[in-house]
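S.K.: From the sequence below, what's the structure:
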Amino acid sequence: MKHLLVGLPAPVTVQIREDVNLQLLQKQYFETRPKLGLEVVPIVYQPVFETEKGRLRAIFVAPGENHLVFQDEVAPIKAWDEYYRAHRIESLGRAADIESIEIINNKVHFRWSYSFANLYETSFHYDGKQDWTGALYSSSWNHMLNTKPQIPILLRGGYKRMSPEIHYGDRDAAEEYAKSL
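M.R.: Sure thing, here's the model as predicted:
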């Protein structure tokens, strides 16, 4: 993996490591969370211009939580993308992206997956909470989520509704599925 560091500024490699650490925290949170709440299937939208490699493949539904499995994350810069993918495979055992949300009392809690102030090309993992609308919008290349469409995406052509496979299962089931992609 060290050969992939050539040409990447230190802040990018630090951000990549932090992003993977947040994915590990998200995984740990949902593995230990009590399985409480309704089982709901969200409608999910992705930007029309997102590469096919980053498309939503499946949603795993468990009581009070959803786990969205995207085929991959495609960073906006090739060297960044290659390093990030290698680091995910080494650290997580998969290149696929999983974003998990918690739904409690008609609120969706984004655990390190909230698209608060991201543009499509940025990658910040925020924590946040919004009213549950039944819809999720992926608004960045690394699939940060929101319950409302984001103006920068609308100005760039909008969103398309996705048709993923629906499975009933928890974060562990989503992890196994993601490793098969």
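S.K.: What's opposite the residue positioned nearest the centre of the chain in the beta bridge?
M.R.: For the chain, the residue nearest the mean C-alpha position is residue 99 (3.5 Å; CA atoms, centre = their mean). Beta bridges link residue 99 to residue 68 when assigned by DSSP bridges.
S.K.: do the same with residue 138
M.R.: With DSSP bridges as the rule, residue 138 is bridged to residue 145.
S.K.: Tell me which residues touch the closest residue to residue 63 other than its chain neighbours, please.
M.R.: Excluding the flanking residues, the one nearest residue 63 by CB to CB, 6 or more residues apart in numbering is residue 35, at 4.5 Å. Any C-beta I mention is one placed from the backbone N, CA and C, and that applies to glycine too. Residue 35 is in contact with 62, 63, 64, 65, 170, counting by CB atoms under 8 Å, 6 or more residues apart in numbering.
S.K.: before we move on, what about residue 149?
M.R.: Contacts of residue 149 by CB under 8 Å, 6+ apart are 45, 137, 158, 159.
S.K.: Give me the distance between it and residue 91.
M.R.: Residue 149 sits 32 Å away from residue 91, taking CB to CB, to the nearest Å as the criterion.
S.K.: Contact partners for residue 160?
M.R.: 45, 46, 47, 48.
S.K.: now the strands for this structure?
M.R.: With strands called from DSSP state E, the chain shows them at 43-47, 56-62, 65-70, 97-104, 107-114, 126-131, 135-138, 145-146, 159-161, 165-168.
S.K.: Make TSV from the ones you listed and add distance to residue 16 to it.
M.R.: Formatted as TSV, the strands of the chain follow (distance: least, CB to CB, whole Å):
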stretch	distance to residue 16
strand 43-47	22
strand 56-62	22
strand 65-70	17
strand 97-104	13
strand 107-114	15
strand 126-131	17
strand 135-138	19
strand 145-146	20
strand 159-161	26
strand 165-168	29
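S.K.: how about CSV for those strands, with mean pLDDT and distance to residue 22 added?
M.R.: Formatted as CSV, the strands of the chain follow (pLDDT from 0 to 100; distance: least, CB to CB, whole Å):
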stretch, mean pLDDT, distance to residue 22
strand 43-47, 98, 20
strand 56-62, 98, 19
strand 65-70, 98, 15
strand 97-104, 96, 11
strand 107-114, 94, 4
strand 126-131, 93, 9
strand 135-138, 98, 16
strand 145-146, 96, 14
strand 159-161, 98, 24
strand 165-168, 98, 24
